[in-house]
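Undergrad: Sequence and predicted model, in that order:
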Amino acid sequence: MGTAQASGAEAEDASVVFFNPAGMVRLKTTTVSQGGQVLSVRGRFVNDGTTQFEQGKTNDGTLSTGGDEGSYHPQAIPAGQFYAVVPYSDNITLGLGIFVPYGANVNYKSDWVGRYFQDSGAIETVNINPSMAIRFDDQHSIGFGLSAQIMHMRLNAAADVQEAAFGIGKGTIQKGLSLLCSSNGLPIVGGISATVCSGLTDLATGPLIADGAGDGKLTIEGMGYGFGWNAGYMFRFNDDRTRFGLSYRSAIRQTIDADYDWDFSKVTGNIPDITGVQEGNPFSLLGALAGQISLREYVENYVRPDTKAKLKVTTPESVAASVFHQATDRLAVMG
């Protein structure tokens, strides 16, 4: 990092395992390089006026919770890397790299206005990269390596249970009255108009779900792995005072197996027991309106049960070219 990652042709320490494995042949003794960083990234958001789309509700749509502004990063984000190079013979050098190629971490306040999109999230990656370099002569060398990349992902978001309850209630009323009005608000033969149908169900649904309160919480967490490769070439001339390098790292495709977990422990209130409503049967609708069911119980069992998820992630390939020149005994330039 001190040389702005232009060290692929410098090849002065074991970190060349990452930047250009062909440069490992310049290290004549066992060499270890270890580094660590603590990132303190500051970022703030300001809410310039956020409203919430709330179907059929009588308020003005303004979010009533706090979190209007603040930081969206953790206080500290650690990272690090370890490299080792061991000469095997005059012409073969072995190396190992363990490093963090990609990552992300954001953490808003749990009551911020965008919580239904994302509350917090972290992507953590570790790459294990054994490598080998072959020296052909004083000028040419090549290197290659294999990568096993492990990724852990965790995402959190809030769930707008009240809005979901409204949609559920409205759909249920339309289901029971489908002889008059279809579920998408369109009239059946002899039915009422779509506009009147939608308006009536809006008016009927609002009071039925008004007792419900509280947000749910979604947590998606899982791990995955993938494999890739890298290669490099180094050309040395002018008594090794000038060096040129090329390197390539492949894309790595990973499939993350995750748990899709919902938590509705903070949801309260009841809604009509709509579990028994039958298509086109207004009497079953009347029965539902007469009974009550816990909103939490309904969404846990019928709307958002815990499940499994798969996420495919591709980390990108990269190509680098580097040059190093020892201008004097005390001055070197590189790019």
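TA: Arrived safely.

Undergrad: Quote the end-to-end distance of stretch 243-262.
TA: Using Cα to Cα, to the nearest Å, the end-to-end distance of stretch 243-262 comes out at 56 Å.

Undergrad: Distance from the chain centre to that stretch, please.
TA: Distance, stretch centre to chain centre, for stretch 243-262: 13 Å (Cα atoms, centre = their mean, to the nearest Å).

Undergrad: same question, stretch 127-140
TA: Averaging C-alpha positions (Cα atoms, centre = their mean) puts stretch 127-140 34 Å from its chain's average.

Undergrad: Stretch 160-175 now?
TA: Offset of stretch 160-175 from its chain centre (Cα atoms, centre = their mean): 30 Å.

Undergrad: Return the set of buried residues in that stretch.
TA: Neighbour counts over stretch 160-175 (16 or more other Cβ atoms under 10 Å) mark 160-166, 168-175 as buried. (C-beta placed from N, C-alpha, C; glycine too.)

Undergrad: which residues does the closest residue to Asp215 other than its chain neighbours form a beta bridge with?
TA: Nearest non-adjacent residue to Asp215, counting by Cβ to Cβ, 6 or more residues apart in numbering: Ala158, 4.5 Å away. Beta-bridge partners for Ala158, by DSSP bridges, are Lys217.

Undergrad: now Thr315
TA: Applying DSSP bridges, one finds that Thr315 bridges with Ile252.

Undergrad: Who are the contact partners of it?
TA: The contact partners of Thr315, taken as Cβ atoms under 8 Å, 6 or more residues apart in numbering, are Pro101, Tyr102, Thr125, Gln149, Gly226, Ala251, Ile252, Gln254.

Undergrad: Check the gap between the nearest residue to the second one once chain neighbours are set aside and Phe144 for me.
TA: Translated: Tyr102. In space, and not counting its chain neighbours, Tyr102 is closest to Thr125: 4.8 Å by Cβ to Cβ, 6+ apart. The spacing between Thr125 and Phe144, counted by Cβ to Cβ, to the nearest Å, is 21 Å.

Undergrad: So for the two, which residue has more residues nearby?
TA: Between Thr125 and Phe144, counting by other Cβ atoms under 10 Å, Thr125 is the more crowded of the two (20 against 16).
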